[in-house]
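In: Got a predicted model here, sequence first, then my questions.
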Amino acid sequence: MKKLLNILAVMIAALMFMSTGSFAKEVKVGVVWPMTGPIASFGQMAWKGAQIAQAMAPKTKDGATIKLILLDNKGDKVETANAVSRLITKNHVKAIIGAIASGNTLAAAPIAEKNHIPLLSSSATNPLVTKGKEYVSRVCFIDPFQGTVAAKYAINNLHAKTAAIVVDIAQDYSVGLAKFFVESFKKMGGKIVAKTFVQTGDQDFSAQISAIKAKNPDLIYMPTYYQEAALFARQARQFGLNQVIMGGDGLESDALLKVGGKAVEGVTFTTHYDPKATASKVGKEFLKKFKAKYKVDPDAMAALGADAYLVMVNAINRAGGSNASSEAINKAIRSTKNFHGITGVLTLVNGDAVKSAVVRKVKDGKFVYVTTVNP
Amino acid sequence: MNLTIVLQQLFNGLALGSLYGLIAIGYTMVYGVIRLINFAHGDIMMVGTYVAILSGSALFLPWWAAFIFTILATALVGVLIDKVAYKPLRNASRISSLITAIGVSFFLENLFLVIFGGVPKAFPVPAVFSGVLHEGGVILPVISIFVPLVALVFLAILMYILRNTKYGIAMRALSLDMETTRLMGANVDAIISFVFAIGSALAAAGGIFWALKYPSINPLMGIMPGLKAFAAAVLGGIGSVPGAALGGFIIGIIEVLAVAIFPPLAGYKDAFAFLLLIFVLLFKPTGIMGEDLERGRF
């Protein structure tokens, strides 16, 4: 009897040990976002969003903690590739969230494909990012849709007949989105009168602006990132170019408002999210928690960062929880259906999210909601 | 392209070139005296812009006082960098100092990244500098008129110091032969400190005017202007102060005209400055105004 009791005690101890063991268990998920560099503002907002989302859903269904390992890619392609390799080979992560920019995500994609690790981008909108890939997905819409929405808005709401295009040749995102806008704009009867080029980090746009001014277009479409757009707008206004500047989700940053000042007043862009258009319960909870912690409204990058995290946790749970393999998590991510996220209801088709776009513009030094466009 | 546009583009080039020139003057001066290519020069310029912002927002100085304070404070930073990083290597091989300069550059960039973060900050532009003039269809932003004038004023001051003051004579002597200058009883270390103070003050002035023209500042903003100024200094003849100013003007005008004449190449405009740099190094390493390095300078 005593012997039996001893065995029982050992078994109970073992059970307790095992259960505490499983409580301490964690699932490692890598995050590769730009914390510094030309698009740092995006990465920092996305990280804030993801941290709020993590506070909302910190564990898998079987109680394992989701451990996020954040690496800074500086908005650079080579740094992104290095960070992803490091997360896979050194940190042994199950899955990776990232990157922000399409060009960076494209640089990371082959590594994820080769190692069979799911890569889930929050905001890379270029169609090439997931094309022909098995392990790369995203929680945002893609640029053919975004370009069409912008062209429709330019023609129907801004009554633009001619447009000048400003493309950042260093960004796959900018080159792609400009192409899709031009296609739709021309199809709807618009005319492109000038096409000029810039590069990430450029600060002097006087030559390009002088060239555009000579053509006097109704609209300037500039699908670049915020830093170039803010300085471009300032210089354009100085040179007496007062047309509406339109762009894509790459413009949405507090830095655009701060650096651009009065010059960015009226700048209009297509994006993923507006706090005003938030209807879902999870969306409202996110908005409340975000505002309480950071004292500002979340923007598209924050909301998408949160969605990337929430879709990832949801996929890990559907794949079986903390013991799920990378393969199973990848399958689960790509079969996400009618998931109620922060930016709306997500369904992934071939790794791309299909969902509505929002048009916002700058008014009185703030981003304001204009309209929502469904796919 | 009609005449108005040509004039406009030439003016745009002149405005950009004078900024490069302003930064290049300081670059070339440090090289002329102690033969150190100070790769941290662009980063000292960045430090200057942050000092300017802080002296406006934290010390509540009016803009003109903030600018003067910035120039003095940055000069001090330059002296400090020399004392800590370059002085111990004064007699080491030139390549060691060069590598140290690159190290200082990385250190400053990353230090400011840690302190201020990577998100660009807006640089407050006083109303005096934000106006625009119209002249026969050509648009002249006021700041773009200021910069060439400021560059010329600094150039004149620097030339005066070098040619007509005791310190200037000592600097020129030092650039020819450091050991003999020391033997003559000149305080070589004090003179080199002074060189760094002037070089950094010029970088700060360049940074302020850069930020007034392109009012978005971040810790990595100094890299590209620094490299362009280096190209300008080499083009003008490294070590030659008027040459650096001239090189700056030329590079600025070439960049803008290249974009104006070949619009599809606009995204690659940085390449023009560096192509020019390569050609100069291949065919005329002494640049436009540079003399044989074994003979006198300035």
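Out: Everything's here; your move. Quantities reported herein were computed from a predicted structural model and do not represent experimental measurements.

In: How about the residues of chain A by chain B?
Out: Taking C-beta under 8 Å from any C-beta of the partner chain as the contact definition, chain A meets chain B at A:34-37, A:40-41, A:44, A:74, A:167-170, A:195-199, A:201-204, A:206-208, A:210-211, A:214, A:227, A:230-231, A:234-235, A:238-240, A:254-255, A:258-259, A:261. Yep, even glycine has a C-beta here, placed from its N, CA and C like the rest.

In: Now the helix or strand hosting A:L346: buried residues?
Out: Using DSSP states H and E, A:L346 maps to strand A:345-349. In terms of neighbour count (16 or more other C-beta atoms under 10 Å in any protein chain shown), strand A:345-349 has its buried residues at A:L346, A:L348.

In: Out of the residues of chain A next to chain B, list just those in helices.
Out: A:40-41, A:44, A:206-208, A:210-211, A:214, A:227, A:230-231, A:234-235, A:238, A:254-255, A:258-259 (DSSP state H).

In: Can I get the buried ones among those residues as something I can paste into ChimeraX?
Out: In ChimeraX, this line selects whichever of these come out buried by 16+ other C-beta under 10 Å:
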select /A:40,41,44,206,207,208,210,211,227,230,231,234,235,238,255,258,259
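
In: ok, now how distant is the closest residue to A:N73 other than its chain neighbours from chain B?
Out: Counting by C-beta to C-beta, 6 or more residues apart in numbering or on different chains, the nearest residue to A:N73 once its immediate chain neighbours are dropped is A:T80, at 4.1 Å. Using C-beta to the nearest C-beta, to the nearest Å, we find A:T80 at a distance of 15 Å from chain B.

In: Now do the SS call for A:T80.
Out: With DSSP: H, G, I helix; E, B strand; the rest coil as the basis, A:T80 sits in helix.

In: before we move on, the earlier item: contact partners of the helix or strand that the strand holding A:L346 is followed by?
Out: Later in the chain than strand A:345-349, the nearest helix or strand by DSSP H and E is strand A:352-354. Here strand A:352-354 makes contact (C-beta atoms under 8 Å, 6 or more residues apart in numbering or on different chains) with A:P127, A:T130, A:S137, A:R138, A:V139, A:C140, A:F141, A:I142, A:L346, A:T347, A:L348, A:P375.

In: The first one contacts A:F141, doesn't it?
Out: No. Between A:P127 and A:F141 there is no contact, the gap being 10.3 Å when judged by C-beta atoms under 8 Å.

In: okay, these two: which has more neighbours?
Out: Taking neighbours as other C-beta atoms under 10 Å in any protein chain shown, A:P127 and A:F141 compare with A:F141 leading, 24 against 16.

In: For that one, list the residues it contacts.
Out: Counted by C-beta under 8 Å, 6+ apart, A:F141 has contacts A:T125, A:H272, A:D352, A:A353, A:V354, A:K355, A:S356, A:A357, A:P375.

In: what do you get for A:I316?
Out: By C-beta under 8 Å, 6+ apart, the contact list for A:I316 reads A:V27, A:T60, A:I66, A:K94, A:A95, A:S322, A:A324, A:I329, A:A332.

In: And it, how far from A:S280?
Out: Using C-beta to C-beta, to the nearest Å, A:I316 is found at 21 Å from A:S280.

In: Would you indicate which residues of the helix or strand where B:G78 lies are buried?
Out: If you go by DSSP H and E, B:G78 is part of helix B:63-81. Residues B:63, B:66-67, B:69-71, B:73-75, B:77-79, B:81 are the ones in helix B:63-81 that count as buried (16+ other C-beta under 10 Å).

In: Could you export the residues you listed as JSON lines, including distance to chain A and pLDDT?
Out: Output for the buried residues of helix B:63-81, formatted as JSON lines (distance: C-beta to the nearest C-beta, whole Å; pLDDT from 0 to 100):
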{"residue": "B:W63", "distance to chain A": "16", "pLDDT": "87"}
{"residue": "B:A66", "distance to chain A": "19", "pLDDT": "91"}
{"residue": "B:F67", "distance to chain A": "20", "pLDDT": "92"}
{"residue": "B:F69", "distance to chain A": "23", "pLDDT": "94"}
{"residue": "B:T70", "distance to chain A": "20", "pLDDT": "95"}
{"residue": "B:I71", "distance to chain A": "22", "pLDDT": "95"}
{"residue": "B:A73", "distance to chain A": "24", "pLDDT": "96"}
{"residue": "B:T74", "distance to chain A": "20", "pLDDT": "96"}
{"residue": "B:A75", "distance to chain A": "25", "pLDDT": "96"}
{"residue": "B:V77", "distance to chain A": "22", "pLDDT": "96"}
{"residue": "B:G78", "distance to chain A": "24", "pLDDT": "95"}
{"residue": "B:V79", "distance to chain A": "28", "pLDDT": "95"}
{"residue": "B:I81", "distance to chain A": "22", "pLDDT": "94"}
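
In: In TSV: these, plus distance to B:V128.
Out: Shown next, in TSV, are those (distance: C-beta to C-beta, whole Å):
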residue	distance to B:V128
B:W63	8
B:A66	13
B:F67	11
B:F69	18
B:T70	16
B:I71	17
B:A73	22
B:T74	22
B:A75	24
B:V77	26
B:G78	27
B:V79	30
B:I81	32
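
In: in the stretch 101-250 of chain B, which spans are helices?
Out: With helices called from DSSP state H, counting those that start in this stretch, the stretch 101-250 of chain B shows them at B:142-164, B:166-176, B:178-183, B:188-213, B:223-236, B:241-261.

In: Specify the local secondary structure of B:A92.
Out: Following three-state DSSP, we place B:A92 in the coil state.

In: how many neighbours does it have?
Out: Close neighbours of B:A92, defined as other C-beta under 10 Å, add up to 12.

In: For it, which residues are in contact?
Out: Applying C-beta under 8 Å, 6+ apart to B:A92 gives no contacts.

In: Would you check how far apart it and chain A are?
Out: Going from B:A92 to chain A by C-beta to the nearest C-beta gives 32 Å.

In: Now do the same for residue 130: its pLDDT.
Out: Since you didn't name a chain, this refers to chain A. Per-residue confidence (pLDDT) for A:T130: 93.

In: Hmm, no, I was thinking of chain B.
Out: With respect to pLDDT, B:S130 scores 82.
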